[in-house]
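1. with the input below, show me the fold.
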Amino acid sequence: MSGASTPSSTLPFGTASAYADSFPAPAPKELTLGAETCFNLSVFKAGVVRQYRKLDDQVVTRLNRAQAQLRDEVRQGKGDSPDGMCAKMWAEMMTGWLNRQKLLTYCQNTVAQNLKIAQAVQAEQTQVAAVPASHDTAPTWGHAGKDGAYPRGVSENQVLADQLANEATVEAIVRKRTLEVFKTRCPFFNPNANDQGWWEIADAGRAGAPGTPTTVPKN
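-> A predicted model of the protein is given here:
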């Protein structure tokens, strides 16, 4: 999308400055995420997930601002249809949802893989050791394993897996609330066929991506 030189007629509502104010630059569409980030949940949440939740956090403010600008331009006889505003907002919502789910799925799979490795190592050491090894020392590998993963102890991996599951539940709640606000401002908007699955799981408050078996989180 070009900057201020873009003709106002191509924007959802009037001026380029109003467009930029209502839709500031989104988080990057692609993010390189290493396995080590998955094992530092504070970094994962603060530096990765939250930047993709900015749109959801600001959805009410953005929609209100955009609608106010649209009403002003309608009164001036140069307003555009609100359909463009809704389509733009939905596209940004989808970008955030897709990226956050991609990150969550990657980390959940990474931690699950390491949990299996740690369990296998612990079981093997228990079988071969004359004296049972301590759970605190047996599976504490200090170097990256396959694909940069860092297998830790069984307990640590299980805690991380539970925390990521909780984060997936939070994500489902955020998506549902964002969609509810969006529907109040854009009641006649219908997603295209490719996005219908995301609309349905967000509306139902389900975690995960379309087509994955999930449970409905408690609000």
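2. can you give me the helices in this protein?
-> 16-22, 35-38, 41-43, 50-52, 54-57, 59-75, 82-128, 154-185, 196-204 (DSSP state H).
3. those: which one's closest to residue 211?
-> helix 196-204 (6.8 Å; Cβ to Cβ). C-beta: built from backbone N, CA, C; applies to glycine.
4. okay, the closest one in PDB with CA atoms only?
-> Extracted in PDB, the C-alpha atoms of helix 196-204 (Å, rounded to 0.1, in the frame of the first residue of the first chain):
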ATOM      1  CA  GLN A 196     -15.100 -18.800   6.700                       C
ATOM      2  CA  GLY A 197     -13.500 -21.400   8.900                       C
ATOM      3  CA  TRP A 198     -11.600 -18.700  10.900                       C
ATOM      4  CA  TRP A 199     -14.900 -16.700  11.400                       C
ATOM      5  CA  GLU A 200     -16.600 -19.800  12.700                       C
ATOM      6  CA  ILE A 201     -14.000 -20.900  15.300                       C
ATOM      7  CA  ALA A 202     -13.600 -17.300  16.500                       C
ATOM      8  CA  ASP A 203     -17.400 -16.900  16.800                       C
ATOM      9  CA  ALA A 204     -17.500 -20.200  18.800                       C
END
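5. tell me what angle that helix forms with helix 82-128.
-> 80 degrees (axes from the mean of the first three to the mean of the last three Cα atoms, to 10 degrees).
6. what packs against helix 196-204?
-> In terms of contacts (3 or more Cβ pairs under 8 Å, 6 or more residues apart in numbering; DSSP states H and E), helix 196-204 is packed against helix 82-128, helix 154-185.
7. what are the buried residues along the last one?
-> Applying a neighbour-count criterion of 16 or more other Cβ atoms under 10 Å, one finds 154, 156-157, 160-161, 164, 167-169, 171-172, 174-179, 182, 185 buried in helix 154-185.
8. show me what it is packed against.
-> Looks like helix 154-185 contacts helix 41-43, helix 54-57, helix 59-75, helix 82-128, helix 196-204 (3+ Cβ pairs under 8 Å, 6+ apart).
9. closest one to residue 189 among those?
-> Nearest to residue 189, of the helices and strands packed on helix 154-185 and by Cβ to Cβ, is helix 82-128 at 4.4 Å.
10. now the helices of the chain as JSON lines including distance to residue 210 and mean pLDDT?
-> Converted to JSON lines, the helices of the chain look like this (distance: least, Cβ to Cβ, whole Å; pLDDT from 0 to 100):
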{"stretch": "helix 16-22", "distance to residue 210": "28", "mean pLDDT": "38"}
{"stretch": "helix 35-38", "distance to residue 210": "23", "mean pLDDT": "82"}
{"stretch": "helix 41-43", "distance to residue 210": "26", "mean pLDDT": "80"}
{"stretch": "helix 50-52", "distance to residue 210": "18", "mean pLDDT": "72"}
{"stretch": "helix 54-57", "distance to residue 210": "18", "mean pLDDT": "75"}
{"stretch": "helix 59-75", "distance to residue 210": "21", "mean pLDDT": "75"}
{"stretch": "helix 82-128", "distance to residue 210": "10", "mean pLDDT": "85"}
{"stretch": "helix 154-185", "distance to residue 210": "12", "mean pLDDT": "91"}
{"stretch": "helix 196-204", "distance to residue 210": "3", "mean pLDDT": "94"}
